[in-house]
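Peer 1: Give me the fold of what follows.
(2 chains)
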There are 2 protein chains.
Amino acid sequence: PDTGAADAAWQRQMQLTKPPGSLGRLETATVRLAAQQRTSLPALERVWITVFAGDHGVCDEGVSAFPQAVTAQMVRNFAAGGAAVSVLARHLGATLEVVNAGTVTPLPPLAGVRDEPVMPGTANAVREPAMRAAQRDQALALGDGAAARASDAGAQLFIGGDMGIGNTTSAAAVACALLGASPEQLVGRGTGVDDDGLVRKRGAVAAALARHGDDRAPLSVLASLGGLEIAALAGAIRGAASRGLPVLVDGFIVSVAALVAVRHTPDVAAWLHFSHRSAEAGHDAVLRALDAEPLLDLGMRLGEGSGAAVAVPLLQAACRLHGEMATFESAGVSDGG
Amino acid sequence: PDTGAADAAWQRQMQLTKPPGSLGRLETATVRLAAQQRTSLPALERVWITVFAGDHGVCDEGVSAFPQAVTAQMVRNFAAGGAAVSVLARHLGATLEVVNAGTVTPLPPLAGVRDEPVMPGTANAVREPAMRAAQRDQALALGDGAAARASDAGAQLFIGGDMGIGNTTSAAAVACALLGASPEQLVGRGTGVDDDGLVRKRGAVAAALARHGDDRAPLSVLASLGGLEIAALAGAIRGAASRGLPVLVDGFIVSVAALVAVRHTPDVAAWLHFSHRSAEAGHDAVLRALDAEPLLDLGMRLGEGSGAAVAVPLLQAACRLHGEMATFESAGVSDGG
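Peer 2: Residues are numbered from 1 along each chain as shown, chains lettered A, B, ... in the order given. Coordinates of the predicted model:
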């Protein structure tokens, strides 16, 4: 990020026809975007969304309220325009692409879907590593490819979304390993498991952590306990940051991917914005670890990048106010000084 | 509000391709809008914003960081498109009108501004009632007129905004009287007074409350301690509710006007949505008194209706998701049941 552009943006904020600071976090977000986009007048008119889909072997442990087939069914729904993120992307005028990083159910060719499965879902992390190193690296590269396409297309903001039945289990396991936390602290109900399901889910995470052992190296944890879409998201976030493209982080799953990316490459943190605080139990702890203060707290817990897409208009409003408001001088308004 | 339409909207929410409840407050807001708009498919494409301007005699007590002339200067800025709410309204495609309910400085004819001053600012509420009953009623009627225009134009949401140097002092006094609270609890820094200014402001509110006495009747408090734009906002909120038009409440000033309206006419409460939690000190207490949980908490404290305008895209996203997402059946997605 460019501190000169940030300084220039602050100077402009102080001249706009409002009491200094009265737009609150819209002002700080604008200045952060100014630094990231290397201009005193940041803009967010071209938004790019990539949703990564992948299945999770840990579903064998009965950790989800939905069958694994739903992952591929939802990819079709994304493509057909009927999913939440599809509706939101359409109204934002955002580019939406879906990358199949590895569903259990094979997919036919679908418009807007890149079918690039690394494997037909991960292995069951309770029994063995979810991915081998080469598979993890392939998934990371899928994400990097999406960031490259976004950057090449001139996107001003990157949003990654997730789809994967069972992925709150994998994400909680990754977060527990990286943060040294217990399953009781970070495992929540995901799409909505009942009390028995929650017990199974915590048990599965505990067993996977016991199998995994003490290795806290981010990419080791990712391969051992993560998911294909989580790895792709980590690669996308790292790839966006390396290309100077700001990232708006969605909820629990994407935040865990961001945690992996930041623990691996700390410079990534300077490129992140956080959209919302999820209702999923573990999100608070992950946000704290990332020193993140999200824009929204609406009790959302859908994934797909939907929380980030809902937050985009806040950042757009921030940029438009910054760029289009009159100054005290131009409007002939007394500044109280 | 129509409970049948609300029930139908809940039914639809349960069929959309997402875990039940996973859109959090976007779901509850949609159902509330469905009841208010008397349809299972609410929409917020036509938004109406009226900003009411008025000056405050209590400024004689040195309660603001800005001179009173700024109220009229900002009306010109609204009309010229350079104020925050002007920028936001433009991008929302919302109708924006400004009503001069009584500035100290006379205004020339300005496009988009209705010049309908009740008086050239209120009297100093520390020494005498801010308004006489007839002036208060004239200001209430100005607000009702705006609600009538919005309703006649087919607006689907009404936003009231405020402009008035000194109006956090008047609003705090009204809130103290209605809630039986102390100036220490409800008086904040407004546009940004320093420590000495804050002491003067609390002293002015304490003196005005002492002069006012124990009468807690909402319209008596409004006349004695309020402002012309605060009265107009109370009238607009009551008028929108009486016409079945949902209201998105802005920050501290508009919330105090809503409190007056609800204390006077409790049925008004069913028509309100709350946009944001202001950084102004007294807003929390007023929100609690209204049993309100705002959508946003971004540290904004600008007024003008700007916080409400920033929140509009959240409610629009809620309605669009509700109306356009596929159902489990239509998308061929297993619902986990």
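Peer 1: Excluding chain neighbours, what is closest to A:Q73?
Peer 2: B:V333 (4.4 Å; C-beta to C-beta, 6 or more residues apart in numbering or on different chains). Backbone N, C-alpha and C define where each C-beta goes, glycine included.
Peer 1: For chain A, which segments count as strands?
Peer 2: A:47-54, A:95-102, A:113-115, A:157-163, A:247-249, A:272-274 (DSSP state E).
Peer 1: which bits of the stretch 1-150 of chain A sit near chain B?
Peer 2: A:16-26, A:65-67, A:69-70, A:73-74, A:76-77, A:80-84, A:87-88, A:90-91 (C-beta under 8 Å from any C-beta of the partner chain).
Peer 1: And those, which of them are buried?
Peer 2: A:16-26, A:65-66, A:70, A:73-74, A:76-77, A:80-84, A:87-88, A:91 (16 or more other C-beta atoms under 10 Å in any protein chain shown).
Peer 1: Give me the neighbour count for the residue nearest to A:Q73.
Peer 2: B:V333 has 23 neighbours, counted by other C-beta atoms under 10 Å in any protein chain shown.
Peer 1: for it, what are its contacts?
Peer 2: Going by C-beta atoms under 8 Å, 6 or more residues apart in numbering or on different chains, B:V333 touches A:70, A:73-74, A:77, B:17, B:326.
Peer 1: A:N167 now?
Peer 2: By C-beta under 8 Å, 6+ apart, the contact list for A:N167 reads A:54, A:56, A:190, A:227, A:229-230, A:253, A:303.
Peer 1: Model confidence score at it, please.
Peer 2: For A:N167, the pLDDT comes out at 98.
Peer 1: ok, now A:V63?
Peer 2: Looking at A:V63, the pLDDT reads 95.
Peer 1: Now the stretch 101-250 of chain A against chain B: closest residue?
Peer 2: Taking C-beta to the nearest C-beta as the measure, the stretch 101-250 of chain A has A:T191 as its residue closest to chain B, at 4.0 Å.
Peer 1: That residue reaches A:P67, doesn't it?
Peer 2: No. Assessed by C-beta atoms under 8 Å, A:T191 is found out of contact with A:P67, at 11.1 Å.
Peer 1: all helices for chain A, in order.
Peer 2: Along chain A, counting by DSSP state H, helices occupy A:3-15, A:25-37, A:69-80, A:84-92, A:133-152, A:167-179, A:183-186, A:195-212, A:218-225, A:228-242, A:252-264, A:283-289, A:306-324, A:328-331.
Peer 1: Turn those into a markdown table, columns for distance to B:V260.
Peer 2: Below are the helices of chain A laid out as a markdown table (distance: least, C-beta to C-beta, whole Å):
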| stretch | distance to B:V260 |
| --- | --- |
| helix A:3-15 | 34 |
| helix A:25-37 | 28 |
| helix A:69-80 | 47 |
| helix A:84-92 | 36 |
| helix A:133-152 | 49 |
| helix A:167-179 | 46 |
| helix A:183-186 | 45 |
| helix A:195-212 | 46 |
| helix A:218-225 | 55 |
| helix A:228-242 | 48 |
| helix A:252-264 | 42 |
| helix A:283-289 | 37 |
| helix A:306-324 | 29 |
| helix A:328-331 | 31 |
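Peer 1: roughly how far apart are the closest residue in space to A:R12 that isn't next to it in sequence and chain B?
Peer 2: In this structure, A:R12 finds its nearest non-sequential neighbour in A:S40, 6.1 Å apart by C-beta to C-beta, 6+ apart. Using C-beta to the nearest C-beta, to the nearest Å, A:S40 is found at 17 Å from chain B.
Peer 1: need the contact list for A:S40.
Peer 2: A:5, A:8-9, A:11-12, A:34.
Peer 1: among those, who's most crowded?
Peer 2: Result: A:A34 is most packed of the contacts of A:S40 (other C-beta under 10 Å), 27 neighbours.
Peer 1: pLDDT score for that residue?
Peer 2: 98.
Peer 1: Same question for A:T191.
Peer 2: Looking at A:T191, its pLDDT stands at 89.
Peer 1: Next: the one 5 residues further on.
Peer 2: At A:D196, the predicted lDDT confidence score is 95.
Peer 1: One more: A:G337?
Peer 2: For A:G337, pLDDT reads 57.
Peer 1: A:A279 too?
Peer 2: 95.
Peer 1: The one 4 residues further on too?
Peer 2: You'll see A:H283 listed with a pLDDT of 97.
Peer 1: Isn't it up against A:F252?
Peer 2: Yes. Using C-beta under 8 Å, A:H283 is in contact with A:F252, at 4.4 Å.
Peer 1: okay, the two: which has more neighbours?
Peer 2: When A:H283 is set against A:F252 and neighbours are counted by other C-beta under 10 Å, the residue ahead is A:F252, at 29 against 25.
Peer 1: Not counting sequence-adjacent ones, nearest residue to the residue of the stretch 101-250 of chain A closest to chain B?
Peer 2: B:P19 (4.0 Å).
Peer 1: And the pLDDT at A:M74?
Peer 2: Reading off the model, A:M74 has pLDDT 97.
Peer 1: Just give the closest residue to it, not the sequence neighbours.
Peer 2: Counting by C-beta to C-beta, 6+ apart, A:M163 is the residue found nearest to A:M74 once chain neighbours are left out, at 5.1 Å.
Peer 1: what are the bridge partners for that neighbour, then?
Peer 2: When bridges are called by DSSP bridges, A:M163 pairs up with A:A53.
Peer 1: Need the per-residue pLDDT for it.
Peer 2: For A:M163, the model assigns a pLDDT of 98.
Peer 1: Ok, the one 10 residues further on next?
Peer 2: Per-residue confidence (pLDDT) for A:A173: 98.
Peer 1: and it, what is it in contact with?
Peer 2: By C-beta under 8 Å, 6+ apart, A:A173 lies in contact with A:58, A:125, A:205, A:208-209, A:212, A:225-226.
Peer 1: which of the residues you listed has the most neighbours?
Peer 2: Among the contacts of A:A173, the one with the most neighbours (other C-beta under 10 Å) is A:G226, at 33 neighbours.
Peer 1: mind checking how far that residue is from A:D214?
Peer 2: Distance, A:G226 to A:D214, by C-beta to C-beta, to the nearest Å: 17 Å.
Peer 1: for A:G154, same thing?
Peer 2: 44 Å.
Peer 1: more neighbours, those two?
Peer 2: Taking other C-beta under 10 Å, A:G154 and A:D214 do not tie; A:G154 has more neighbours (10 against 7).
Peer 1: give me phi/psi at the nearest residue to that one once chain neighbours are set aside?
Peer 2: Using C-beta to C-beta, 6+ apart and skipping residues adjacent in sequence, the residue nearest A:G154 is A:R46, 5.8 Å away. As for A:R46, its main-chain torsions (degrees, to the nearest 10) stand at phi -110, psi 100.
Peer 1: Please verify my assumption that A:R46 contacts A:A155.
Peer 2: Yes. With contacts counted by C-beta under 8 Å, A:R46 reaches A:A155, the gap being 5.2 Å.
Peer 1: shared neighbours, those two?
Peer 2: Taking C-beta under 8 Å, 6+ apart as the contact rule, A:R46 and A:A155 both touch A:T95.
Peer 1: Mind checking which of those two has more residues around it?
Peer 2: The neighbour count for A:R46 versus A:A155, taken as other C-beta under 10 Å, is higher for A:A155 (23 against 14).
Peer 1: right, and the more buried one touches A:T50 too?
Peer 2: No. The pair A:A155 / A:T50 is not scored as a contact, 10.1 Å apart, by C-beta under 8 Å.
Peer 1: neighbours around A:M163, how many?
Peer 2: Neighbour count for A:M163, taken as other C-beta under 10 Å: 29.
Peer 1: still on that earlier bit, look up how far chain B lies from the residue nearest to A:G154.
Peer 2: Distance, A:R46 to chain B, using C-beta to the nearest C-beta: 16 Å.
Peer 1: Likewise for A:A43?
Peer 2: Note on A:A43: its distance to chain B, by C-beta to the nearest C-beta, is 12 Å.
Peer 1: what do you get for A:A35?
Peer 2: 19 Å.
Peer 1: and that residue, what does it touch?
Peer 2: Remark: with contacts taken as C-beta under 8 Å, 6+ apart, A:A35 is in contact with A:1-3, A:5-6, A:9.
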